Every structure is written in structure tokens, then in C-alpha cells.
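S.K.: sequence and predicted structure below; questions after.
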Amino acid sequence: MTRNILTETPVLPWKPKIVLFGATLLMNLTRRPNGTLNRRLLNLVNHTVPARNKARQGVKTLDITIDATRNLGFRLFIPTKPPPDVILPVIIFFHGGGFAFFSPNSRHYDNVCRRFAREIPAVIVSVNYRLLPEHGYPSQYDDGFDTLKFLDQQRLDGFPANADLSRCFLVGDSAGGNLAHHVACRAGKAELRQVRVIGQISIQSFFGGEERTESEIRLKKMPIVSLGLTDWLWKAFLPEGGNRDHEAVNVMGPRAVDINGMEYPETVVVVGGFDPLQDRQREFYNWLKRSGKEVKLIEYPNAVHGFYLFPEIPESSHFMKEARDFVHKVSATFKK
């Protein structure tokens, strides 16, 4: 990868710069030293949008409840422009936010799922999993896999008849990428009737470890994923006594789950050159290769963490094309 050695400051359009700065400030203001969050303040400033059964920009949405007792459900994104006889893949999407922030109805995640639905096109299942610090490990992984089981066992009112559950893709950014990997591991050992996970897009996934990487140190003050914030998140996430070499965090580390003989989906790993987590994401790519899995690495040297959420950033459009091409390729070559 070619890195700009003259500066460690990314060049960003003004709107993403303001949003990223504001989100970073909010995350730091709302986390408390005792491991709790000021959830009331977060809810006040979290810009959300309702589901819209009437199509907007070629996509309609519907909120589905799986288990009301734990607020588990998903937002369903259905593209309306493809003819009803066109079979569509299904993307199970896990949003980022360090397992603690945001939701499927957060404006930026609603927007990006609309883009996936419209531009691929595909049916999107954006999972509303439980958040920390109220719910720590393994709640998020349980919710993600329970969503797969729910889709496997149900035929829902409103779920499009042309959605092909045998062509499912797991897609997640940041913490959602971590979640997608662990759900892929569970799916690889499960016996599902309808759902078949055939692909995964790992977007700037949130991994960690006790030993600092070069990029974490060099880019420690970048927005969203500063060392102080990520350390706080991992501490809130892990069970009592766990450290950052826990297999949930350091998935390639000394306690890594052996996936050599496991059925695991073909994967794309997306890395940004201004992302402090980039070294860990490249190691994830290399670990998948060493484990005998089909995997491709895509790098955007000038991209910050979360770049793809902003259409104003040129790399966002490049990524959307890569995602579309990957889903089409894997869907076309998959044999039931």
C-alpha cells in the first residue's frame, strides 16, 4: 500500500469532517470512567429515521421484531425497481459503533443500507442487536446468529418472495465486521435449512489485541477509533477478567478459534489507509488465507474509518462498486 509520508491528516470534504468530529466528541462525552454510558444524551442526539413502507429512492423499509424482551429485530430494506421475477440475494448487515453506539434506524446506517439495496440490488436485513455496556459479550453474537435462525425458520409477511435465502451475505463495518465474522463461524457449524451464508464483506473491522500495532500507535488520534475509546469499549465488552487477547477481540491471536476445517464464506476485507485498525484488518486477511479460505483484500490508502458512510468521499462510490461486483460474482458461481 502507498502511504502519504508527508502528512498523517486525511483530506476530507467538510461534511464528513464535521460529522466524524461530532461523533467522536459525542462518544467521548457520553462514556463514563465507571464503564457506563449516558444513554439519555445519546438518544437525544442520535438522528433516526422511521421505516417507510412507501418506496423512497427505489427502496421501501419495514421494521421486524424477533424478540421484544431483548429488543431484537431488524430493519428490512426491499428494492422496488427490480422486476418481481428477478431473484435477489439477501445481505445480513451489522452496523458499527463499537458495540455501544448507533442502530439500524440511525440516519447514516439507514442511508447506507438503502444504497446497498438499490445499487447491488439486494434485500437487506439490518440487525438491531443489543448494545453495551448494558449488554456485554456474547449478547451481540447471540443476537446476530439468532437473526439467521429466525430467517431460517420463518416465512414473514412482507418478506419478498424473490429473496433467495440460499444466497446470504454477511456484511458489517467496524464492530459489525467483528460480529459478522463470529456469526459466520457459528453458521459454519450449524445445520440451517434455508439460509446459506456464501459471502462476507468485512469493512474496516473492529479487532484488537494486548500488543499495540504500528498503525494504532501512529494514528492513535484519528476520529472514531482512538486508543482511549477502543480500550474503553473492549473493557466494557469483555467478561470479567478478560483482556484484549480474548478470542472475541483478537480473532487471529493466541486463543484464536481454529477455522481450518470449518465452512466459511468467501470474504472481502476492506482497509483504509488512515484507519488505526488497518494492521489488524490486514492480519485478519492473512489469517483467513493461512486458514485456507477464499479472501480478497481491498485497500483505500486515503480512507478514514467509516469512509463508506459518506457519498461525498470518492472512495465510497468505489467501494459500492466493489461490493456489487463481489455479490454478483459469488452469487453467480454458487451452486446449491
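M.R.: It's in. Numbers count the residues shown, from 1 in each chain.
S.K.: least confident secondary structure element in this structure?
M.R.: Least confident helix or strand, the chain: helix 39-45 with a mean of 90, by mean pLDDT, DSSP states H and E.
S.K.: packing partners of that one?
M.R.: helix 14-30 (3 or more Cβ pairs under 8 Å, 6 or more residues apart in numbering; DSSP states H and E). (C-beta placed from N, C-alpha, C; glycine too.)
S.K.: tell me which stretches of the stretch 201-336 of the chain form helices.
M.R.: 214-218, 227-237, 278-290, 314-333 (DSSP state H, counting those that start in this stretch).
S.K.: can you redo the ones you listed as a markdown table with mean pLDDT and mean neighbour count?
M.R.: Output for the helices of the stretch 201-336 of the chain, formatted as a markdown table (pLDDT from 0 to 100; neighbours: other Cβ atoms under 10 Å):
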| stretch | mean pLDDT | mean neighbour count |
| --- | --- | --- |
| helix 214-218 | 96 | 16 |
| helix 227-237 | 96 | 19 |
| helix 278-290 | 98 | 20 |
| helix 314-333 | 97 | 16 |
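S.K.: correct me if wrong: residue 55 contacts residue 80.
M.R.: Yes - counting by Cβ atoms under 8 Å, residue 80 is a contact partner of residue 55 at 4.4 Å.
S.K.: who's more crowded, the two?
M.R.: residue 80 (16 against 13; other Cβ atoms under 10 Å).
S.K.: ok, that one - contacts?
M.R.: Shown in contact with residue 80 (Cβ atoms under 8 Å, 6 or more residues apart in numbering): 55, 58, 59, 60.
S.K.: show me those residues that map onto strands.
M.R.: If you go by DSSP state E, the contacts of residue 80 have 59, 60 in strands.
S.K.: closest one of the contacts of residue 80 to residue 212?
M.R.: residue 59 (41.3 Å; Cβ to Cβ).
S.K.: average pLDDT for the lengthiest strand in the chain?
M.R.: Secondary structure of the chain per DSSP E: the longest strand is strand 163-173. The pLDDT scores in strand 163-173 average 97.
S.K.: distance from the chain centre to that strand, please.
M.R.: Strand 163-173 has its C-alpha centroid displaced from the chain centroid by 12 Å (Cα atoms, centre = their mean, to the nearest Å).
S.K.: from the contact counts, what lies against that strand?
M.R.: Counting by 3+ Cβ pairs under 8 Å, 6+ apart, strand 163-173 packs on strand 88-94, helix 139-153, helix 175-189, strand 197-203, helix 314-333.
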